[in-house]
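Student: give me a 3D structure for the following:
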Amino acid sequence: MIRRLSNTVSYIALVIVSVTTAVIWVFTYFYLQKLMTTHCPDLWEFMNRDSNQYTPCEFIICFILASIFMVVLYGITFGCFAILLFATCHLLGRHIAHSFDRYPKSYSISHNGHTNDERRNSTQLAFAYYHAYTVKIELSFEEVQRILNCLRFNSKVYYDFPKSFLMPDNVSWLWPRISLHTVRCIAREIEKGGIVLLTYKYAHPKKDSIRRTDAIVRIIGNLQHDTYASDDVLISFVNRD
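Tutor: Numbering: from 1, shown residues only. Here you go, the predicted structure:
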């Protein structure tokens with residue numbers, strides 16, 4: 001429920017930023033038009049003449065002036081959009097213009113570390129999404145703190161994992177990402193010695209040649225390594241009737 005509410009807030013924020021940018025674009029257009037009609041009326045009249053009245057040389061000049069006008073117009077509005085987007089993302093602690101497919105759908109925290117047997121059992125009993133791989137990435141307390149410090153140091157609102165994870169179809173890869181907002185929430189709840197399980201939903205590839213099998217993939221993060229070993233991965237296939 002909290003995750004869905006967070007996504008809804010992000011969508012609303014993106015709509016507000018987009019609408020605000022559109023308003024700025026319209027305002028900027030009429031403001032530039034007013035400036036030109038006030039200070040350069042002859043130039044504005046020249047740019048708005050009928051195309052049949054132009055000589056070839058005048059047409060080239062008019063095209064260059066119109067191009068400069070549009071570059072200035074789009075430059076101002078794009079700059080405003082970038083500033084609004086940057087401020088909103090840092091206010092919410094997540095990038096609202098990115099697809100949420102690479103972000104965790106939920107997370108759970110355990111205050112005690114897990115043994116391999118416990119990991120195997122949890123993989124077999126865990127809830128699985130339909131028509132998708134359910135990927136659970138295990139991070140330690142220290143790794144969560146390192147991610148949070150990295151985001152603060154670099155002033156970023158999302159963290160890209162330093163490695164990708166191969167899915168059970170042996171073709172597609174998950175490139176996980178986590179938002180600053182989620183990391184902050186986890187950091188407030190997790191205790192030293194505990195672990196967090198990030199749950200990702202990876203939709204099955206649409207290629208006909210790839211076997212689509214619902215599976216639960218549990219991965220030990222080990223973010224200090226650029227690659228992951230087979231011992232870090234546990235897979236449980238789900239049978240659907």
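
Student: quick check: what element follows the least confident helix or strand in the chain by mean pLDDT along the chain?
Tutor: Each helix and strand of the chain was given a mean pLDDT (mean pLDDT, DSSP states H and E); the minimum falls on helix 41-47 at a mean of 72. Following helix 41-47 in sequence order, the next helix or strand is helix 56-92 (DSSP states H and E).

Student: how about the secondary structure of Y130?
Tutor: Using DSSP: H, G, I helix; E, B strand; the rest coil, the structure places Y130 in coil.

Student: what does the one 4 residues further on give?
Tutor: Following three-state DSSP, the label given to T134 is strand.

Student: quick one: the helices in the protein?
Tutor: Secondary structure of the chain (DSSP state H): helices located at 2-39, 41-47, 56-92, 116-125, 141-154, 180-189.

Student: quick one: which of those is nearest T227?
Tutor: Ranking those by proximity to T227 (CB to CB) places helix 141-154 first, at 16.0 Å. Heads up, the C-betas are built off the backbone N, CA and C, glycines and all.

Student: and stretch 220-235, which residues are buried?
Tutor: I220, G221, N222, L223, Y228, D232, V233, L234 (16 or more other CB atoms under 10 Å).

Student: now do the same end-to-end measure for it.
Tutor: One end of stretch 220-235 to the other measures 12 Å (CA to CA, to the nearest Å).

Student: can you give me the neighbour number for L197?
Tutor: L197 has 20 neighbouring residues, counting by other CB atoms under 10 Å.

Student: before we move on, what about I61?
Tutor: Using other CB under 10 Å, I61 is surrounded by 14 other residues.

Student: what's near enough to touch K156?
Tutor: The contact partners of K156, taken as CB atoms under 8 Å, 6 or more residues apart in numbering, are C150, L180.

Student: please report how far it lies from E118.
Tutor: 33 Å (CB to CB, to the nearest Å).

Student: likewise L32?
Tutor: Using CB to CB, L32 is found at 65 Å from E118.

Student: these two - which one has more neighbours?
Tutor: Just comparing L32 and E118: by other CB under 10 Å the higher neighbour count belongs to L32, 16 against 12.

Student: what sits closest to the more buried one if chain neighbours are left out?
Tutor: L73 (6.3 Å; CB to CB, 6 or more residues apart in numbering).

Student: who are the contact partners of the one you found?
Tutor: W25, T28, Y29, L32.
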